[in-house]
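K.L.:
Need the 3D shape of this:
(chains A and B)
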Amino acid sequence: MIKFEDVNLTIDNIEILKDISFELTKGDFIHILGPNGGGKTSVIKVLADITKPTSGNVVVKANKIGYLPQHFKSNKQFPATVFEVIYSGFDKQYLIPKKEQIKIIDYWLEKMQVSNFKYKKIGDLSGGEQQRIFFIRSLVKNPELLILDEPTSALDPNFRLVFYDILDELSKSGITIINITHDFDPNYLSCDHHVLFVDRTIKFDGKYCDYHTKFGGEHLHV
Amino acid sequence: MFEFLSASHIQIALVIGVILALGASLLSPFLVLNGEALIADGLAHTSFLGFTIGIIAMDQPIWMAILIAILATILIKVIINKLKVNADSAIGVISALSFAIGLIIIHKSSGFNVSIEQIMAGSILTTSWVDVIFAAIIVIVILLFVILQYRGLFSVVYDFEYAEFSKIRAKTISYVLAILTAIFIVIGVRVIGTLLISALIIFPSLTASLLKLSFKKTFILGIILSIFAMILGITLSHFLDVPTGAFVVVINSIVLGSVLIYSFIRKKVLV
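P.N.:
Here you go, the predicted structure:
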């Protein structure tokens, strides 16, 4: 479904990515780990065709891509409700939202425990609440590929567990998930989760348990 | 009382005023809420350069003004996106430079007998039905663009990065919006002048967003308030014998002030 072959990216003479190669099949659940400035976000920008690689091949066979950005809008003055923000995630929109669309929104608001915010102004919500809303926005179009850029950075530890359970469910339903994260805690990641450690180049590509065995605690604080 | 409506210049003023108020309030949320509130003022000054060259070089200076304004708006976008300069600074640099070049051209041209005031001020009471048709065409194009690209425009303004990932053709939408804005501003400057066209872009979203409504309601309320202020401004200016464009700006300011007071009182009551 996704194939990177010897992808290099250089911007303003600074080498951002070097010889990145990896492959994902449908339903894969991969965590991209690595230090700040290590090129994690650049990988997904190349993947989504926002940034052109300097060299190498990228193949992405997914029409519907759901995306949760790393830096969510914090313009408190922007006049939009939670419902409007989520509704903007649908590929097709109508003057009056369809019943099925409202059902999907209600289902995810309930699941993400934010039902009471449906008609609130998005700018009045806390960072963690906004992050849940933007996660729902990335899901409502029923994506084949879900790209999450540090989705748990503003979530409290208890809800992180719920969140990772939801990601597992989505993965089992056949959605390919790419999760850029700093969560190294075994409470969140399962042994068989695919891990890609990127620090300009790929330093590790394999199962989370093997990563632990290979590096121990060396890279636990990134 | 309504006898003044029989005067053809008042009829034209009301029709073109409503058309331009509609066009400006359609563009307003996507400019003002995107931190580009000063784009109208900037492009209006840029169109001065276009009109200046146009008056010297051709019979219909408006085409040169439109061309220069489009080039300027593209340049502003490139400066913002590539050089990562904030919108206000980029708009300020390009508008100041354009205005300066326009002044130099006037100074160096012999026999240039049109005043800066004539180019920049406009007059809603001296417009023709040709101007009305021009304005109506561009406003219809803007209306269609907003209706067909509503989702894209919302995402581009609210979260550009998300829009890019979602294959919304964010950059294309952003550039088309900028070009339509440039054409609209040039036509607006010619008809109603720099002052009023800038005000028509800024006031609708600024006023409506004070009420903390949804985006869609803010959008619709902005259109209603803008058209209301335009009709009231033209009508009252006739009876009070004051400059129409300036008075429409005053009415818009009074509406803004009223909404500000109302939202302040509502906040106090709710707290």
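K.L.:
Please count neighbours and contacts with C-alpha atoms only from this point.
P.N.:
Will do.
K.L.:
can you give me the helices in chain A?
P.N.:
Ranges of helices within chain A are A:40-47, A:82-87, A:99-111, A:127-139, A:157-172, A:208-215, based on DSSP state H.
K.L.:
So which of these is nearest A:Glu5?
P.N.:
Among those, the nearest to A:Glu5 by CA to CA is helix A:40-47 (11.6 Å).
K.L.:
Which neighbouring elements make contact with that closest one?
P.N.:
strand A:14-24, strand A:55-60 (3 or more CA pairs under 8 Å, 6 or more residues apart in numbering or on different chains; DSSP states H and E).
K.L.:
Can you tell me which residues in chain A are near chain B?
P.N.:
Applying CA under 8 Å from any CA of the partner chain, we find that chain A lies next to chain B at A:48, A:50, A:65-69, A:72-73, A:77-81, A:84, A:88, A:93, A:121.
K.L.:
Any quick PyMOL command for the buried ones out of the residues you listed?
P.N.:
Applying 16 or more other CA atoms under 10 Å in any protein chain shown to the residues of chain A next to chain B leaves a buried subset, and the PyMOL line that selects it is:
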select buried, chain A and resi 48+65+66+67+68+69+73+78+79+80+81+84+88+121
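K.L.:
Just the ones in strands from the residues of chain A next to chain B, please.
P.N.:
Per DSSP state E, strands hold the following members of these: A:Ile65, A:Gly66, A:Tyr67, A:Leu68.
K.L.:
can you list the residues you listed in JSON lines and add distance to A:Asp28 and pLDDT?
P.N.:
Listed next are these as JSON lines, based on distance: CA to CA, whole Å; pLDDT from 0 to 100:
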{"residue": "A:Ile65", "distance to A:Asp28": "14", "pLDDT": "89"}
{"residue": "A:Gly66", "distance to A:Asp28": "15", "pLDDT": "91"}
{"residue": "A:Tyr67", "distance to A:Asp28": "16", "pLDDT": "90"}
{"residue": "A:Leu68", "distance to A:Asp28": "18", "pLDDT": "90"}
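K.L.:
Pull the most distant pair out of those residues.
P.N.:
Most distant of those, by CA to CA, are A:Ile65 and A:Leu68, 10.1 Å apart.
K.L.:
coming back round to it: can I get the helices and strands packed on helix A:40-47 in TSV with distance to A:Ile202?
P.N.:
TSV is the format used below for those (distance: least, CA to CA, whole Å):
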stretch	distance to A:Ile202
strand A:14-24	6
strand A:55-60	15
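K.L.:
List the contacts of stretch A:103-122.
P.N.:
The contact list for stretch A:103-122 (CA atoms under 8 Å, 6 or more residues apart in numbering or on different chains) reads A:76, A:78-83, A:85-87, A:129-130, A:132-133, A:136, A:140, A:163, B:212-214.
K.L.:
do that again at 6 Å, thanks
P.N.:
Under the contact criterion CA atoms under 6 Å, 6 or more residues apart in numbering or on different chains, stretch A:103-122 has outside partners A:Ala80, A:Thr81, A:Val82, A:Phe83.
K.L.:
Could you look up the SS state of the residue lying closest to B:Pro243 once chain neighbours are set aside?
P.N.:
Ranked by CA to CA, 6 or more residues apart in numbering or on different chains and with sequence neighbours excluded, the top spatial neighbour of B:Pro243 is B:Ser237, at 6.5 Å. When classified by DSSP: H, G, I helix; E, B strand; the rest coil, B:Ser237 comes out as helix.
K.L.:
Next one: B:Ser237 from chain A, what distance?
P.N.:
33 Å (CA to the nearest CA, to the nearest Å).
K.L.:
Flag every residue of the stretch 151-271 of chain B that's near chain A.
P.N.:
With the criterion set to CA under 6 Å from any CA of the partner chain, the stretch 151-271 of chain B comes near chain A through B:Lys212, B:Ser214, B:Phe215.
K.L.:
Would you map the helices across the stretch 101-250 of chain B?
P.N.:
B:116-121, B:129-148, B:150-158, B:160-165, B:170-209, B:215-240, B:244-270 (DSSP state H, counting those that start in this stretch).
K.L.:
From the contact counts, what lies against the fifth one?
P.N.:
To tie it back to what came earlier, the one meant is helix B:170-209. Identification of packing neighbours for helix B:170-209 by 3 or more CA pairs under 6 Å, 6 or more residues apart in numbering or on different chains; DSSP states H and E yields helix B:8-32, helix B:39-57, helix B:61-83, helix B:116-121, helix B:215-240.
K.L.:
what angle sits between that helix and helix B:129-148?
P.N.:
Angle, helix B:170-209 to helix B:129-148, by axes from the mean of the first three to the mean of the last three CA atoms, to 10 degrees: 100 degrees.
K.L.:
Where does the prediction get shaky in the chain?
P.N.:
Going with chain A. Scanning chain A for pLDDT under 70 picks out A:71-75, A:216-222.
K.L.:
that's the wrong chain, I meant chain B
P.N.:
Along chain B, the model assigns pLDDT under 70 to residues B:1, B:111-121, B:271.
K.L.:
and the helices of the stretch 101-250 of chain B, which is most packed in?
P.N.:
By mean neighbour count, with neighbours taken as mean count of other CA atoms under 10 Å in any protein chain shown, helix B:170-209 ranks first of the helices of the stretch 101-250 of chain B at a mean of 24.
K.L.:
Give me the nearest residue to A:Arg160, chain neighbours excluded.
P.N.:
Spatially, and ignoring its direct neighbours in sequence, A:Arg160 is nearest to A:Thr152 (6.4 Å; CA to CA, 6+ apart).
K.L.:
should've said A:Thr201
P.N.:
A:Lys18 (5.1 Å).
K.L.:
How many neighbouring residues does that neighbour have?
P.N.:
A:Lys18 has 20 neighbouring residues, counting by other CA atoms under 10 Å in any protein chain shown.
K.L.:
Tell me how many other residues surround A:Ile44.
P.N.:
Neighbour number of A:Ile44 under other CA under 10 Å is 21.
K.L.:
Excluding chain neighbours, what is closest to it?
P.N.:
Nearest one to A:Ile44, counting by CA to CA, 6+ apart, is A:Ile147 at 7.6 Å.
K.L.:
how much space between A:Val40 and A:Gln70?
P.N.:
One correction, residue A:40 is Lys, not Val. 11 Å (CA to CA, to the nearest Å).
K.L.:
Done for today, thanks.
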